[in-house]
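>>> coords please:
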Amino acid sequence: MPGETDVDSASLSPVWGLRTQLKRPPSAGECRGSKRDRKAINLQVKLEVLRRFEAGEKLSRIAKALGLSTSTVATIRDNKDKIRASSQAATPQAATKLTRSRSLVMENMERLLSVWIEDQNQRNVPINVVLIQEKARSLFEDLKREQGEGAESETFGASRGWFARFKARHSLHGIGASGEATAADAEAASKYPILLRRVIQDGGYTPRQVFNVDETGLFWKRLPDRTFISLEEKSALGFKAARDLLTLLLGSNAAGDFKLKPLLVYPSENPRALKGFSKPNLPVVWRSHKKAWVTMSLFQEWFVHFFCPAVERYCAQNGLPYKALLILDSAPGHPGNLDDLSDHVRVEYLPKNTTALIQPMNQDVIATFKACYLRRVFHLLAARASGPDKRSAIRDFWRDYTILDAVYNISESWEELPPAMLNGGWRKLWPECVQGNKGTPHADTLLHIRRDIVALAKSAGFLEVAEADIVELLQCRSADLSNEELMGLEQERAAGEEGEDSPPAPRQLTARHLAKALAHFDAGLQIVSDNDPNLERSLKVCRGVNNMISCYRELFKEKKRGSK
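Numbers count the residues shown, from 1 in each chain. This is a model prediction of the structure:
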């Protein structure tokens, strides 16, 4: 792996085979090649590093984006005062372009605004310049109040000039200067499949080794508005059931033959319906968050402890080399450092504002899953309403329908999706991997399921339900992120980076760590062997230590083979 210490098999052999390795002088060629060429970095690049760092990006992500080493980026960060001073002394034109003073309130507002825009696009909600300007002004005022006295004099008008600069800074190509609504960047979406194809070819990935996952909200206990259950719930005090939202993370490989176990995030960690049940044995990965968000810490935990092991098992069962490509959108809960957490999984991110256009899970896959879930619910309702008193029976069933029932229906609905549908979701992003018809044949499947739901609803006694009601229910979106929630997301992100009030980062024993540790073991045993006058004792210790750490030597060999 790049950046790892190269330790060959001889240097990791038992201590009596190390002496010649340790004493071998470097060759002339090695001495000549040890000095690296220095790369000049101009002021504009340095300022861009500082801007990205202050915007919350991690050092490794900045380094990857700008083609620099992580240590170089860290050095630039540590010398930010000198760099700022140098920029002030630059030419007037450069100083105007690169060092315009921007307040902390403005920086925070734009960062939260970009999160809001991305969330709108994730949910396929059209936005325009007017909506963005209104949200920007609202965020600015709330942040100014939170900042306190030091920010009272600041003003912000959200002008068209500001919007043009904001659009350039955050690469919002999909939003024009006019007032028309738009929700996606068609130009970026048309270019990205070419770039992805190059990544797949360079990595030698097959459709069975390329994955996509996406989050979706599910109102697990909501019926069409015109059913008598919905009307009664709305008139009741404390009306909540139909607003009970959970978030699912669903995904599969491009071949469609391997579905990942759904991640379910619910506002309560221990709901009453799960009392006495073992959460690890549920057909979903159960996690909780008070807002039912997939946060960075939750996503990172899922990636390390569920996704990577599941892919490793799948590859082993199918005789595939353990390597995978995971494609994600740029949702706020997706960390930028996932590449650092696995030696076998590469992570690529879709361009901003392209999720609705090219992300595989958004091409009828999640919509069909939700329709299957609703059909199962109505099937249960229809079965319960077979007696003479339909209304009473349905009320009893709906009162007793719990989150545990929803979990089982979610699992069964996810399993119901055929491999061909999962594979067909890649028709826009990677059309070469799609088998059979590359059009949109699964739209007919979705239409058929909706008609099944209408028929089941009518048989259960909901005679007023029409197909339009089902379409409206399936397209129901979660509420827009408020300013308070956006600031809460930012605080969670910051806490996750600083390691405060969040789970500790999962430990990873990489090939680099093993090489370093084994080299230390061998060097220490070499010192004992060279200096202990009691040869029998030193041999006994060396043999014992080598036996104890043999498991790490085997693990190191496996990781090296995997990286090759």
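>>> SS state for the spatially most central residue of the chain?
With distances taken as C-alpha atoms, centre = their mean, the residue of the chain nearest its centroid is His334 (3.1 Å). Following DSSP: H, G, I helix; E, B strand; the rest coil, His334 is assigned to coil.
>>> From what I see, it and Phe299 are in contact.
Yes. Contact status for His334 versus Phe299: in contact at 6.0 Å, counting by C-beta atoms under 8 Å. Placement of C-beta: from N, CA and C, glycine included.
>>> before we move on, back to that, who's in contact with the residue nearest to the centre of the chain?
Met296, Phe299, Leu328, Tyr349 (C-beta atoms under 8 Å, 6 or more residues apart in numbering).
>>> The helix or strand where Ser60 lies: which residues count as buried?
Under the criterion of DSSP states H and E, Ser60 resides in helix 59-66. Residues of helix 59-66 classed as buried: Leu59, Arg61, Ile62, Ala63, Leu66 (neighbour count, 16 or more other C-beta atoms under 10 Å).
>>> Was I right to think the first one contacts Ser71?
So that's Leu59. No. Under the criterion of C-beta under 8 Å, Leu59 is not in contact with Ser71, lying 9.0 Å apart.
>>> list the contacts for Gln147?
Leu104, Val105.
>>> Over to Gly436?
Ala420.
>>> Can you tell me how far it is from Met421?
Gly436 sits 11 Å away from Met421, going by C-beta to C-beta, to the nearest Å.
>>> What of Ile229?
Counting by C-beta to C-beta, the gap from Ile229 to Met421 is 30 Å.
>>> Then Ile200?
In terms of C-beta to C-beta, Ile200 sits 21 Å off from Met421.
>>> do the same with Asp225
Applying C-beta to C-beta to Asp225 and Met421 gives a distance of 29 Å.
>>> The two: which is more packed in?
Counted by other C-beta atoms under 10 Å, Asp225 and Met421 do not tie: Met421 has more neighbours, with 20 against 14.
>>> follow-up on the earlier one: can you give me how far the helix holding Ser60 is from the chain middle?
From the chain centre to the centre of helix 59-66 is a distance of 18 Å (C-alpha atoms, centre = their mean, to the nearest Å).
>>> Just the residues contacting that helix, thanks.
Under C-beta under 8 Å, 6+ apart, the answer for helix 59-66 is 45, 48-49, 52-53, 57, 68-70, 72-74, 77, 336-337, 339-340.
>>> out of those, which are buried?
48-49, 52-53, 57, 68, 70, 72-74, 77, 336-337, 339-340.
>>> which residues of the protein fall in strands?
210-219, 245-253, 263-266, 285-288, 324-328, 345-349 (DSSP state E).
>>> Redo those strands as CSV? Include mean pLDDT.
Converted to CSV, the strands of the chain look like this (pLDDT from 0 to 100):
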stretch, mean pLDDT
strand 210-219, 95
strand 245-253, 96
strand 263-266, 96
strand 285-288, 96
strand 324-328, 97
strand 345-349, 95
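>>> With respect to Ser114, which of those lies nearest?
Of all those, it is strand 345-349 that lies closest to Ser114, at 14.3 Å by C-beta to C-beta.
>>> just checking, what packs against the closest one?
helix 186-203, strand 324-328 (3 or more C-beta pairs under 8 Å, 6 or more residues apart in numbering; DSSP states H and E).
>>> Return the set of buried residues in that strand.
Of the residues in strand 345-349, those buried (16+ other C-beta under 10 Å) are Val345, Arg346, Val347, Glu348.
>>> Switch those over to JSON lines; also include distance to Leu112.
JSON lines is the format used below for the buried residues of strand 345-349 (distance: C-beta to C-beta, whole Å):
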{"residue": "Val345", "distance to Leu112": "30"}
{"residue": "Arg346", "distance to Leu112": "30"}
{"residue": "Val347", "distance to Leu112": "24"}
{"residue": "Glu348", "distance to Leu112": "25"}
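>>> Show me how this protein divides into domains.
15-35+509-563, 43-98, 103-183+483-502, 204-477 (automatic domain parsing).
>>> Can you add distance to Ser190 and give those domains back as a markdown table?
Below are the domains of the chain laid out as a markdown table (distance: least, C-beta to C-beta, whole Å):
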| stretch | distance to Ser190 |
| --- | --- |
| domain 15-35+509-563 | 34 |
| domain 43-98 | 22 |
| domain 103-183+483-502 | 11 |
| domain 204-477 | 9 |
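>>> tell me the most buried of those?
domain 204-477 (a mean of 18; mean count of other C-beta atoms under 10 Å).
>>> Look up how far Val454 lies from Phe462.
Taking C-beta to C-beta, one finds Phe462 at 9 Å from Val454.
>>> whoops, I mixed them up, Asn108
Distance from Asn108 to Val454, by C-beta to C-beta: 48 Å.
>>> Once you drop chain neighbours, what's closest to Leu422?
Once flanking residues are discounted, Leu422 sits nearest to Gly256: 3.5 Å by C-beta to C-beta, 6 or more residues apart in numbering.
>>> just Arg111 next, same as before
Nearest one to Arg111, counting by C-beta to C-beta, 6+ apart, is Ala55 at 5.9 Å.
>>> which phi and psi does the one you found have?
phi -80, psi 0 (degrees, to the nearest 10).
>>> Look at it and report its pLDDT.
For Ala55, the model assigns a pLDDT of 70.
>>> if we can go back for a sec, which one of the helices and strands packed on strand 345-349 lies closest to Gly148?
Comparing those under C-beta to C-beta, the one sitting nearest is strand 324-328, at 37.0 Å.
>>> Strand partners (parallel or antiparallel) of that closest one?
strand 210-219 (parallel), strand 345-349 (parallel) (DSSP bridges).
>>> Distance to Phe521 added to the ones you listed, as TSV?
Listed next are the strands paired with strand 324-328 as TSV, based on distance: least, C-beta to C-beta, whole Å:
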stretch	distance to Phe521
strand 210-219	37
strand 345-349	29
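>>> Of the ones you listed, give the one that comes closest to Ala468.
Closest approach to Ala468 among the strands paired with strand 324-328 is made by strand 210-219 (17.8 Å; C-beta to C-beta).
>>> so how far is the closest one from its chain's centroid?
On C-alpha atoms, centre = their mean, the centre of strand 210-219 falls 10 Å from that of its chain.
>>> Next: stretch 155-165.
Per C-alpha atoms, centre = their mean, the centroid offset for stretch 155-165 relative to its chain is 31 Å.
>>> Check stretch 259-279 too.
The answer for stretch 259-279 is 20 Å, by C-alpha atoms, centre = their mean.
>>> That stretch: end-to-end distance?
20 Å (C-alpha to C-alpha, to the nearest Å).
>>> Same question for stretch 55-74.
Stretch 55-74: ends 15 Å apart by C-alpha to C-alpha.
>>> start the count at 636, not 1, going forward
Let's use 636 as the start, then, which means that last one is stretch 690-709.
>>> Hmm, Cys1177 is touching Ser1164, no?
Yes. Between Cys1177 and Ser1164 there is a contact under C-beta under 8 Å: 6.1 Å.
>>> one step back: and the strands paired with strand 959-963: which comes nearest Gln952?
strand 845-854 (15.7 Å).
>>> Could you list the alpha-carbon positions for the closest one in CSV?
The C-alpha coordinates for strand 845-854 follow below in CSV (Å, rounded to 0.1, in the frame of the first residue of the first chain):
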residue,chain,number,x,y,z
VAL,A,845,-19.0,-2.6,-6.9
PHE,A,846,-21.6,-1.4,-4.3
ASN,A,847,-23.9,1.5,-3.7
VAL,A,848,-25.9,2.4,-0.6
ASP,A,849,-28.3,5.2,0.1
GLU,A,850,-30.5,6.5,3.0
THR,A,851,-34.2,6.9,2.9
GLY,A,852,-36.8,7.9,5.4
LEU,A,853,-39.8,5.7,6.0
PHE,A,854,-43.0,6.7,7.8
